[in-house]
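1. Structure, please.
(one chain, ligands or ions: 2)
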Amino acid sequence: MSQALLDIRGLETAYGAVQVLFGVDMEVHAGEIVAIIGPNGAGKSTVIKSVIGLAPARAGTITFNGRDITREAPHHIPALGIGYVPQGRIVFARMTVEDNLEMGAFLIKDNAKRRQAVEAVFAQFPRLHERRSQLAGSLSGGEQQMLAIGRALMLDPKLVILDEPSLGLSPKYVDLIFEQLVGLKKQGRTLLMVEQNAARALELSDRAYALELGRNRFTGKGAELLANPDVRRMYLGGYGVRTGSAG
Ligand SMILES: Nc1ncnc2c1ncn2[C@@H]1O[C@H](COP(=O)(O)OP(=O)(O)OP(=O)(O)O)[C@@H](O)[C@H]1O
Ligand SMILES: [Mg+2]
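-> Ligands and ions are numbered 1, 2, ... in the order given. This is a model prediction of the structure:
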């Protein structure tokens, strides 16, 4: 049995007196794309925030790469090999594309190595290279998302965690971002993503977890969940459900 790269067991998290996660279990194995789906307020972002220390677990354990990170402070997380792309395409609007990427590599003290990391991201996202001197705030939404992803790659993370990477993007950019996520997987990276766009997320995920009211509801291979009528009805708005009588 291979050990999970990220292993979440019995996670309980609260904001003050309000508990929002009630014993969530999740595993992410090396090389997988794993999706977390579920309605607004189900606790998807909170799972991610617990992993990266922004919403510390009240109970349960979180293990990454064999190390207990349950009580790890957020500022230790990047150096451990976890890249984080927050919800809402957060970029430094008044800084250039290039400086935004540099900010993702603040831990690399060696200038030459930091440059190498910037060039590696530019090689992967030629569009960012074209706009390297442009202020991030003047990029389109899809380009800003690309930049946020690129910045999370600067420290060459084993695991990339993305919160709603396609939210608010035009269909063209949604396609592009999802293609890039598949590209990251092909490079051997491991991805954990929260997605409202559950149908698309399940199509490209190896496995997925559907959360409801802070608990695991459905778990399985992306394709299995996509084929599950209950999942379709509850999370995909009846997406692709065919009835026998329909013409
Ligand atoms: N900082 C906070 N303080 C208090 N309550 C919070 C905080 N962040 C989230 N919550 C609450 O925790 C619950 C879960 O929120 P969370 O953001 O994890 O949901 P989500 O599944 O990511 O939803 P969405 O799809 O809307 O992003 C919600 O009821 C939310 O109001
Ligand atoms: Mg969220």
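2. What segments of this structure are strands?
-> 6-15, 18-28, 33-37, 59-64, 67-68, 82-85, 159-163, 190-194, 207-212, 215-221 (DSSP state E).
3. Ok, which of those strands comes nearest residue 134?
-> strand 82-85 (19.9 Å; CB to CB). Glycine gets a C-beta too; all of them are placed from N, C-alpha and C.
4. for the record, mean pLDDT for the closest one?
-> For strand 82-85, the mean per-residue pLDDT is 96.
5. Each with direction, which strands does it pair with?
-> Strand 82-85 has the following strand partners under DSSP bridges: strand 159-163 (parallel).
6. Give me the most central residue, the chain.
-> The structure's the chain has its C-alpha centroid closest to residue 162; by CA atoms, centre = their mean the separation is 1.8 Å.
7. Check whether that one really touches residue 181, as I assumed.
-> Yes. At 7.4 Å, residue 162 counts as touching residue 181 under the criterion of CB atoms under 8 Å.
8. Around ligand 1, which positions in this protein sit nearby?
-> Counting by CB under 6 Å from any ligand atom, the residues of the chain close to ligand 1 are 15, 18, 20, 38, 40, 41, 42, 43, 44, 45, 46.
9. ok, now which ones touch the residue nearest to the fourth one when sequence neighbours are not counted?
-> Put plainly, it is residue 38. In space, and not counting its chain neighbours, residue 38 is closest to residue 211: 3.8 Å by CB to CB, 6 or more residues apart in numbering. Taking CB atoms under 8 Å, 6 or more residues apart in numbering, we find residue 211 in contact with 24, 36, 37, 38, 42, 43, 44, 47, 217.
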